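Visitor: below is the sequence, then the predicted model.
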Amino acid sequence: MLRQCPRGKYVNRPFWSESEKAQFVNEGGWLHEADEWASLGFSISEAIEWTLWAIEPKQAKIYRKRGILNPPHPAFFYSGIEIMDAVRWEEKGFDVDLAEEWLGTGIEIMDAVRWVEKGFDVEAAGEWTDWGVDPETAERLRSEGFSVPPSDQFRDENVSLENALNWIKFGFEDIDAAWQWIEWKVAPKDAYQYRTDGLEPPDEEFRDEGLSFAQAMKWVSRGFSAATDNGTYFESEYYWKYWYDAQIKPSEAESLRATLSEFIEKEFRAGVRARRRRYSFSFRDEDEDYELQNFKSECLTTLSQLKIAGLKINPEAMIRWRGFSSEQILAAIDNEIDPDHAFALGKSLTSTRGVKIYSLLKSIGAEDDIEWVERNGFSVADIEALRKLKIDLHDFVMLTYLARLDAQVLLKWAKAKWPVTEKKPIWETKSIEYVVAKWIETGLDPKVAYQFFISDFSPEEAQAWVGVGVIDPKIAQRRKNAGLSPK
């Protein structure tokens with residue numbers, strides 16, 4: 001269409017009508033650019049497409065000269081992709097959504113094409129790229145059986161790709177399955193063989209104690225274990241450190257373990273537990289399995305102490321000296337103290353006081369009462385006092401249990417010349433009553449109470465007279481004879 005120039009000449013220049021210009025403006029174009037778009041040979045629709053990319057007419061002309069006849073889909077623009085990049089994505093057959101996925105993994109157009117040509121989708125390509133693998137290497141690995149790369153966990157733990165693939169090759173698909181072996185610096189092939197043989201990697205506790213992998217496996221392969229979270233193996237003959245601390249080799253420990261378990265249970269069932277609680281008449285039976293486990297734990301903790309003391313380690317010695325330190329074991333041996341009695345002495349076993357008390361009790365044939373003596377805080381002087389009063393210690397002990405009397409209180413009454421072991425029958429109930437027990441209940445001074453006792457007053461009468469200030473039984477008797485009562 002011809003258009004007249006200002007000088008009256010006509011040239012062959014295209015132009016848009018007013019309605020076309022209005023359409024251009026309505027689609028987002030600028031009115032002042034309309035004639036320029038028209039003069040450069042762009043149609044309305046073409047100009048609108050370039051305008052959507054914010055491209056000016058002259059720049060659009062340059063793109064055309066470079067072979068880009070039409071701009072990429074506007075969606076690329078809205079996604080923030082540069083126009084030249086968008087052109088390349090579109091030329092290679094990628095729409096904006098797919099392009100965004102590839103870019104999201106950090107893969108540009110040319111690399112994306114390579115991945116696609118090798119048959120990898122964007123997800124797989126991204127996973128291999130995270131490992132620093134190119135498409136050609138990924139293709140080779142896939143042909144070797146690695147359809148997917150190792151999990152990110154391997155990389156997070158600084159395991160190289162080569163090592164990670166090696167672990168996967170031998171069946172360790174994730175870091176959790178391989179990690180303990182990795183920490184022990186065991187090769188994947190060797191770890192596979194151990195697992196095939198039914199062996200798990202040793203617990204880190206072995207390593208913390210300074211053992212090598214080979215040393216730890218000697219324990220693990222024989223069924224020994226480290227401590228568990230709930231402490232189970234701390235109380236079990238399968239806890240390796242009991243034996244290790246006693247400097248016992250794994251092979252010897254394995255042999256002794258079987259003998260020990262059977263022997264300990266036999267002894268336990270025979271009544272070892274009861275001997276330790278000789279005077280606990282109110283003892284309440286608990287679950288036997290629990291008690292057996294505690295008993296076994298005591299035996300096991302003694303292993304290292306027997307070694308330090310220089311004694312031969314066997315089940316009999318472990319039971320005999322269970323719960324003792326090496327110092328206590330030697331003190332008991334040096335002073336000819338039976339282990340059951342030594343146990344009752346506890347910490348006093350290694351003290352001069354404890355040895356003196358035991359020697360005194362042994363001299364009067366009362367060594368079986370050592371636990372009671374220790375529990376009630378009796379001294380050598382207290383025992384000697386009973387001897388002078390010609391009171392049998394064991395009878396005294398039985399009185400405290402049967403009458404439920406405090407030992408020190410009873411001793412105080414004995415020193416006040418009370419016949420503390422005297423008892424009388426109660427015909428109505430067909431039982432026996434210790435005389436002193438009722439008097440102790442009065443709360444009277446032992447010496448005052450004794451004077452009323454030998455004056456034939458009952459405990460109740462004595463308590464009543466003393467309550468009104470009469471502490472002399474002779475005066476109480478005179479008032480009683482005169483018909484007076486304590487008020």
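Guide: That came through, no problem. Numbers count the residues shown, from 1 in each chain.

Visitor: any idea how far residue 167 lies from residue 394?
Guide: Distance from residue 167 to residue 394, counting by C-beta to C-beta, to the nearest Å: 71 Å. (Glycine included, C-beta is placed from N, CA and C.)

Visitor: more neighbours, these two?
Guide: Between residue 167 and residue 394, residue 167 has the larger neighbour count (other C-beta atoms under 10 Å), namely 24 against 14.

Visitor: ok, residues contacting the helix or strand that one falls within?
Guide: Taking DSSP states H and E as the criterion, the element that holds residue 167 is helix 161-169. With contacts defined as C-beta atoms under 8 Å, 6 or more residues apart in numbering, helix 161-169 is touched by 131-133, 141, 145-146, 149-150, 154-155, 159, 178, 182, 188, 191.

Visitor: 6 Å instead, please
Guide: 131, 150, 154, 178, 188 (C-beta atoms under 6 Å, 6 or more residues apart in numbering).

Visitor: now tabulate the residues you listed in CSV and tack on secondary structure.
Guide: Listed next are those as CSV, based on DSSP: H, G, I helix; E, B strand; the rest coil:
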residue, secondary structure
131, coil
150, coil
154, helix
178, helix
188, helix
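
Visitor: in a markdown table: these, plus distance to residue 372, pLDDT and neighbour count.
Guide: Shown next, in a markdown table, are the contacts of helix 161-169 (distance: C-beta to C-beta, whole Å; pLDDT from 0 to 100; neighbours: other C-beta atoms under 10 Å):
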| residue | distance to residue 372 | pLDDT | neighbour count |
| --- | --- | --- | --- |
| 131 | 74 | 92 | 18 |
| 150 | 69 | 90 | 24 |
| 154 | 66 | 89 | 24 |
| 178 | 60 | 91 | 27 |
| 188 | 64 | 93 | 20 |
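
Visitor: out of the residues you listed, which comes closest to residue 241?
Guide: residue 178 (26.3 Å; C-beta to C-beta).

Visitor: isn't that closest one right up against residue 171?
Guide: No. Using C-beta atoms under 6 Å, residue 178 makes no contact with residue 171, being 9.5 Å away.

Visitor: so where do the strands sit in the protein?
Guide: Assigned by DSSP state E, the chain shows strands spanning 3-4, 10-11, 423-426, 431-434.

Visitor: show the average pLDDT along the last one.
Guide: For strand 431-434, the mean pLDDT works out to 66.

Visitor: which positions within stretch 340-358 qualify as buried?
Guide: 340-345, 348-350, 354-355, 357-358 (16 or more other C-beta atoms under 10 Å).

Visitor: picking up where we left off before, what mean pLDDT does the helix holding residue 167 have?
Guide: 92.

Visitor: may I have it exported as CSV, CA atoms only?
Guide: Below are the C-alpha coordinates for helix 161-169, written out as CSV (Å, rounded to 0.1, in the frame of the first residue of the first chain):
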residue,chain,number,x,y,z
LEU,A,161,31.0,-42.4,44.6
GLU,A,162,33.3,-45.3,43.9
ASN,A,163,33.0,-46.6,47.5
ALA,A,164,29.3,-46.0,47.7
LEU,A,165,28.8,-48.0,44.5
ASN,A,166,31.0,-50.7,45.9
TRP,A,167,28.8,-51.0,49.0
ILE,A,168,25.7,-51.2,46.9
LYS,A,169,27.3,-53.8,44.7
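
Visitor: residue 94 versus the closest residue to residue 68 other than its chain neighbours, what's the distance?
Guide: Computed as C-beta to C-beta, 6 or more residues apart in numbering, the closest residue to residue 68 that is not its neighbour in sequence is residue 87, at 5.8 Å. Noted for residue 87: a distance of 11 Å to residue 94, by C-beta to C-beta.

Visitor: go on, residue 183?
Guide: As judged by C-beta to C-beta, residue 183 and residue 94 stand 45 Å apart.

Visitor: the two - which one has more neighbours?
Guide: Higher neighbour count among residue 183 and residue 94: residue 94, with 22 against 14, using other C-beta under 10 Å.

Visitor: can you give me the end-to-end span of stretch 439-447?
Guide: 11 Å (C-alpha to C-alpha, to the nearest Å).

Visitor: ok, back up a step: residue 440: which of the buried residues of stretch 340-358 is nearest?
Guide: Nearest member of the buried residues of stretch 340-358 to residue 440, counting by C-beta to C-beta, is residue 357, at 25.6 Å.

Visitor: show me where pLDDT drops low in this structure?
Guide: Applying pLDDT under 70 to the chain picks out residues 1-14, 69, 228-235, 271-288, 424-432.

Visitor: hmm, residue 125 is touching residue 115, no?
Guide: Yes. Contact criterion C-beta under 6 Å: residue 125 and residue 115 qualify, at 4.0 Å.

Visitor: what about the helices in the stretch 251-400 of the chain?
Guide: Along the stretch 251-400 of the chain, the stretches classed as helices by DSSP state H, counting those that start in this stretch are 272-276, 288-309, 315-320, 326-334, 339-345, 352-363, 370-375, 380-388, 393-402.

Visitor: buried stuff in the fourth one?
Guide: Buried residues in helix 326-334, defined by neighbour count with 16+ other C-beta under 10 Å: 326, 328-332.

Visitor: pipe the residues you listed into TSV and attach distance to residue 290 per row.
Guide: What follows is the buried residues of helix 326-334, written out as TSV (distance: C-beta to C-beta, whole Å):
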residue	distance to residue 290
326	28
328	25
329	27
330	31
331	31
332	28
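
Visitor: pick out the most distant pair among the residues you listed.
Guide: 326 and 332 (10.9 Å).

Visitor: show me where the stretch 51-200 of the chain has its helices.
Guide: 57-65, 74-78, 83-91, 96-104, 109-117, 122-130, 135-143, 152-156, 161-169, 175-183, 188-196.

Visitor: ok, which of the ones you listed comes nearest residue 49?
Guide: helix 74-78 (7.4 Å).

Visitor: what does that closest one contact?
Guide: So helix 74-78 is contacted by 52-53, 86, 96 (C-beta under 6 Å, 6+ apart).

Visitor: mind putting these into a markdown table with distance to residue 236?
Guide: Below are the contacts of helix 74-78 laid out as a markdown table (distance: C-beta to C-beta, whole Å):
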| residue | distance to residue 236 |
| --- | --- |
| 52 | 77 |
| 53 | 76 |
| 86 | 69 |
| 96 | 65 |
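
Visitor: so among these, which ones count as buried?
Guide: 52-53, 86, 96.

Visitor: which one of those is nearest to residue 61?
Guide: Nearest to residue 61 among the buried ones among the contacts of helix 74-78 is residue 53, at 13.8 Å by C-beta to C-beta.

Visitor: give the contact list for the closest one.
Guide: Going by C-beta under 6 Å, 6+ apart, the list of residues near residue 53 reads 71, 77, 83.

Visitor: residue 394 versus that one, what's the distance?
Guide: Computed as C-beta to C-beta, the residue 53 to residue 394 distance reads 110 Å.

Visitor: neighbours around residue 269, how many?
Guide: By the measure other C-beta under 10 Å, the count of residues near residue 269 is 11.

Visitor: which among the contacts of helix 74-78 gets closest to residue 199?
Guide: Distance ranking of the contacts of helix 74-78 against residue 199, using C-beta to C-beta, places residue 96 first at 54.9 Å.

Visitor: thought that closest one was touching residue 79?
Guide: Yes. Counting by C-beta under 6 Å, residue 96 does reach residue 79; the two are 5.4 Å apart.

Visitor: no more questions from me, cheers.
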